[in-house]
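A.B. asks: Have a look at this prediction, sequence included:
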Amino acid sequence: MRMILRRIGLYALTAWVAVTVNFVLPRLMPGNPVQTLIGKLTGQVTPNEIRAIRLSFGMGFHEGLLAQYGTYLNQLAHGNLGISITLGAPVSSILRESVPWTVGLIGVSTVLSFLIGTFSGAILGWTRGSRFDSLIPTATFFQAIPYFFLGTVMLLIFGSNLHWFPVLGAYSANVTPGWNWAFVGSVIRYGELPVISIVLSSVAGWMLGMRNMMITMIGEDFVLMAVAKGLPRRKVIWHAARSAVLPSIANLSLAIGLVVSGALLVELVFNYPGVGDLLLQAVLNEDYPLIQGIFLVITFTVLAANLLADLVYLGLDPRTRSEAAV
Amino acid sequence: MKTLRLPRSPKVLLGLGIVGFFIIMTVVGPWLAPDNPSSTAFPALLGPSAHHWLGTTSLGQDIFSQLLVGARATMVVALVAGLVATLLSMVIGVSAGYLGGVSDDGLSLLSNVFLAIPGLPLLIVIDSYLPVTSRSNEFVIGLIISLTGWAWGARVLRAQTMSLRNRDFVEAARIIGESRRRIMFTEIAPNLLPVLASSLLFTVLYSIGAYVTLAYIGLTSTAVWNWGTMLYWAQANNAPLSNEWYWFVPPGTCIALVGTGLALLNFGIDEFINPRLRAGGLSSRQRRSLGLPRRTRLGLTPVLRPRAPRGAPRRNVVSS
């Protein structure tokens, strides 16, 4: 329990840091980019919208820094992330449409990649020294490829040349979005290639980590004991793997951030209508309110996923329940 | 140096070879480039040929020259970021591990916060506020990348320092009355060398990825040639969908190769720290010639003895 409280404290602090970075950055940079931006916008959008943008940066009135910070936090607490400059709509409602796509895509691929990687890592660790070891350099190579590049190559080979998978977008133009089979089927079909490329890029990390832990576990007495008792091999592997997987799960909360960072760009390659694609548009158009909103939403989502991973770990490893280890 | 002798497994040698090749490319690449990478003098979208080994872009620029020139910026940023981040992680990790108490709590909290924030989005936010002149400066970009990449190393180094802190030789130095700074940097730090090297490789790997990604989404100056900007232009001109593989496959492959080389070297360091991982480094042919069983058996550590002279009975394997 104490551990969970400490983790929640850490994540709350992290969230606060992210929020504050958003407040401080525009004021730190030479030439105050937001001021310049607002200057550029005058005449293009209504004074009301400019006021909303200024408010969301805490720059509403001529006040001291502390009061500006107060305004900014207050706006944030009410869910006001400002108004996107290029799209002309509130940032929060734009994000509400694209976040589910990203969460679905990255969530499914992370879970898949964790399961596949851990399973194959356990086998690799068990059969250390066999010909399966030649998989390791290959896996390392895949791990070193940037996610977006692997996605691009997959798109080229399997999408536009072999036509095995539909490309570009998240569902076919012929179906109406909603809870019907045609739509869900189309979403799954269009999601296959992005999911495969994210899994391929991220699976090696889980695999290598699990392999190394498995090798360390095999040297432990309890595994030798299990062999000595004459348990069938499958049971011994399961026995060792159950303990070996704990560090992987403990690392899950750290790895999520990295995976999300890489996977965002895969969306961009496949024109997937998620946050990654939005982020590119925002960066190209210097749409600061949108960039900041996306940063906050990604950070909060990753923190929530971290907390979930911590809870799973707590449920699986009884040692953490008694000791207050973080 | 004897303390860092890497195991001579084929993996490590391959890694050394790859990394060495790209370091040479970084140094001499821009001189070897046959053409000015920005010159638009050639016909557009030529396929690979004897004149243009990797063809030309849609603006008629020579892709091979871009690849050679781009190596330098990519590697310089990665190296700057890797070195600064490792330095940061060493100072923070070692101090946290050695000092303990409140300083440890504070510094650990700091690194945990940086670990929890997703790095790339933070990088994008910071970078998007940079003035355009700074975006073309490799050192500024490198510094910013290092800010988001030090936390992991700090965590590992802190754990390692804590395990060293109460060893006898550190106690002895403390009793002699050596200063804290001296103990941290001359007694403890040398023993962290393998961990430090591994963390340097890891951060360089991360930095290449981060820099290329920033360039790919157009957040560094597009006037500076690096492998990321090449991918940016290829994507912007729809090369992946129109089958112009020679435009974007070479830079992507180079990035992946450098990363593989660094990761393979890291295996060597891992095997150095944890010798249990090492037995896997023998190929099955080596095993047979040494008379080892094909597979290591549970709980038994193979011991290698020098080979007996020819004709003598083969008793060179002892299992304990």
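C.D. replies: Right, received. Where do you want to start?
A.B. asks: For chain B, which segments count as helices?
C.D. replies: B:10-32, B:63-99, B:101-116, B:119-129, B:132-135, B:138-149, B:151-165, B:168-176, B:180-182, B:193-216, B:227-236, B:245-273, B:284-290 (DSSP state H).
A.B. asks: no wait, chain A
C.D. replies: In chain A, the helices defined using DSSP H lie at A:2-28, A:33-41, A:47-56, A:65-77, A:91-126, A:135-144, A:147-154, A:181-218, A:221-228, A:233-269, A:275-284, A:288-316, A:318-322.
A.B. asks: roughly how far apart are the residue in the stretch 151-300 of chain A that chain B sits nearest to and A:Phe148?
C.D. replies: Distance from chain B to each residue of the stretch 151-300 of chain A (C-beta to the nearest C-beta) is smallest for A:Ser261, at 3.3 Å. Bear in mind the C-beta positions are built from the backbone N, C-alpha and C, glycine included. As for A:Ser261, its distance to A:Phe148 is 11 Å (criterion: C-beta to C-beta, to the nearest Å).
A.B. asks: residue ranges with poor pLDDT in the stretch 51-200 of chain A?
C.D. replies: A:58-63 (pLDDT under 70).
A.B. asks: Spell out which parts of it neighbour chain B.
C.D. replies: Residues of the stretch 51-200 of chain A lying close to chain B by C-beta under 8 Å from any C-beta of the partner chain are A:127-131, A:133, A:136-137, A:140-141, A:143-146, A:148-149, A:152-153, A:155-156, A:160-161, A:167.
A.B. asks: So in chain B, where's the weakest helix or strand by average pLDDT?
C.D. replies: Lowest on mean pLDDT, DSSP states H and E among the helices and strands of chain B sits strand B:317-319, with a mean of 45.
A.B. asks: in chain B, what residue is nearest chain A?
C.D. replies: Closest point on chain B to chain A, by C-beta to the nearest C-beta, is B:Gly259, at 2.6 Å.
A.B. asks: Spatially nearest residue to that residue (excluding sequence neighbours)?
C.D. replies: A:Ala144 (2.6 Å; C-beta to C-beta, 6 or more residues apart in numbering or on different chains).
A.B. asks: In this model B:Thr260 seems to touch that neighbour, though I could be wrong.
C.D. replies: Yes - A:Ala144 is within contact range of B:Thr260, at 4.6 Å (criterion: C-beta atoms under 8 Å).
A.B. asks: Pick out the residue closest to the middle of chain A.
C.D. replies: A:Val260 (2.3 Å; C-alpha atoms, centre = their mean).
A.B. asks: Run a quick check on A:Val187 versus A:Tyr171, I expect a contact.
C.D. replies: Yes - using C-beta under 8 Å, A:Val187 is in contact with A:Tyr171, at 5.0 Å.
A.B. asks: who has more neighbours, these two?
C.D. replies: Ranked by neighbour count (other C-beta atoms under 10 Å in any protein chain shown), A:Val187 and A:Tyr171 place A:Tyr171 first, with 21 against 17.
A.B. asks: Report the contact partners of the closest residue in space to that one that isn't next to it in sequence.
C.D. replies: Leaving aside its sequence neighbours, A:Tyr171 sits nearest to A:Ser186 (C-beta to C-beta, 6+ apart; 4.3 Å). Residues near A:Ser186 by C-beta atoms under 8 Å, 6 or more residues apart in numbering or on different chains: A:Tyr171, A:Ser172, A:Asn174, A:Val175.
A.B. asks: out of those, who has the most neighbours?
C.D. replies: That'd be A:Tyr171 among those, by other C-beta under 10 Å, with 21 neighbours.
A.B. asks: give me phi/psi at that one?
C.D. replies: The phi and psi values for A:Tyr171, taken as degrees, to the nearest 10, are phi -160, psi 160.
A.B. asks: check contacts around it.
C.D. replies: Neighbours of A:Tyr171 in contact, by C-beta under 8 Å, 6+ apart: A:Pro177, A:Phe183, A:Ser186, A:Val187, A:Tyr190.
A.B. asks: Try it again at 6 Å.
C.D. replies: If you count contacts by C-beta atoms under 6 Å, 6 or more residues apart in numbering or on different chains, A:Tyr171 has them with A:Ser186, A:Val187, A:Tyr190.
A.B. asks: Report the distance from stretch B:265-275 to the chain centre.
C.D. replies: Centre-to-centre, stretch B:265-275 and its host chain are 14 Å apart (C-alpha atoms, centre = their mean, to the nearest Å).
A.B. asks: where does the nearest residue to B:Leu257 once chain neighbours are set aside land on pLDDT?
C.D. replies: Using C-beta to C-beta, 6+ apart and skipping residues adjacent in sequence, the residue nearest B:Leu257 is B:Ile18, 5.8 Å away. In this prediction, B:Ile18 carries a pLDDT score of 91.
A.B. asks: Settle this for me: B:Ile18 is touching B:Gly261, isn't it.
C.D. replies: Yes - counting by C-beta atoms under 6 Å, B:Ile18 does reach B:Gly261; the two are 3.1 Å apart.
A.B. asks: For those two, indicate the residue with more neighbours.
C.D. replies: The residue with more neighbours, out of B:Ile18 and B:Gly261, is B:Gly261; 25 against 19, by other C-beta under 10 Å.
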